[in-house]
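Student: How does the following fold in three dimensions:
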Amino acid sequence: MQEICLKPNKNKDKMTTEKELTLVSFELAELLKKAGFDWRCKFFYLLRTKKPLEGELLADYNNVLYSSAPTLDLAQKWLRDVHNIIVEIYYTDEYDWRVLGTNGLTIRINGHIYFATYEDAQEAGLIEACKFLISQTKTK
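Tutor: Here you go, the predicted structure:
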């Protein structure tokens, strides 16, 4: 289990060494739960409201009431480290993504939908990687 999930820096006027981090969306948090994400983090979604909340402790919040809400980077690391799935973000005129296996074979490619920000492309790629992972576990 991984124990890092940092609080995003909310004060953009203040110089800090803390990197600003982006939490996964509710949709991606639910897909990660179905795919077996169990690393500990500090944020979670309350399923009833679909709002992100900060927990008191680092924990695996996946249960019938909550879904863990890792950062995009932590979710990407989990896919890479646990499932050997790489979500690659690249930039030409806009951001795009593709999903690769660690053997270099392409698993999924974006269907010509481009994104204005790195984080939006990262989220979309992670969603597709989770859908692929879930579909593979259903066929076994």
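Student: roughly how far out does stretch 116-133 sit from the chain middle?
Tutor: 8 Å (CA atoms, centre = their mean, to the nearest Å).
Student: Same check on stretch 60-80?
Tutor: Relative to its chain's centre, stretch 60-80 lies at 7 Å (CA atoms, centre = their mean).
Student: can you tell me the average pLDDT over that stretch?
Tutor: Mean pLDDT, stretch 60-80: 94.
Student: Show residues contacting it.
Tutor: With contacts defined as CB atoms under 8 Å, 6 or more residues apart in numbering, stretch 60-80 is touched by 1-2, 4-6, 21-24, 26, 28-30, 32-33, 37-41, 43-48, 52, 55, 59, 85-87, 102, 119, 122-123, 126, 129-130, 133. In short, each C-beta sits where N, CA and C put it, glycine included.
Student: Output stretch 41-53 as CSV - backbone C-alpha positions only.
Tutor: Backbone C-alpha positions of stretch 41-53 (Å, rounded to 0.1, in the frame of the first residue of the first chain) are rendered in CSV as follows:
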residue,chain,number,x,y,z
CYS,A,41,-4.5,8.6,0.7
LYS,A,42,-5.9,11.5,2.6
PHE,A,43,-8.9,12.5,0.5
PHE,A,44,-12.1,10.6,-0.4
TYR,A,45,-15.5,11.1,-2.0
LEU,A,46,-18.6,10.7,0.0
LEU,A,47,-20.8,8.7,-2.3
ARG,A,48,-24.0,10.3,-1.3
THR,A,49,-22.9,13.8,-2.3
LYS,A,50,-20.0,13.0,-4.7
LYS,A,51,-18.0,15.8,-3.0
PRO,A,52,-14.3,15.4,-2.1
LEU,A,53,-13.5,15.5,1.6
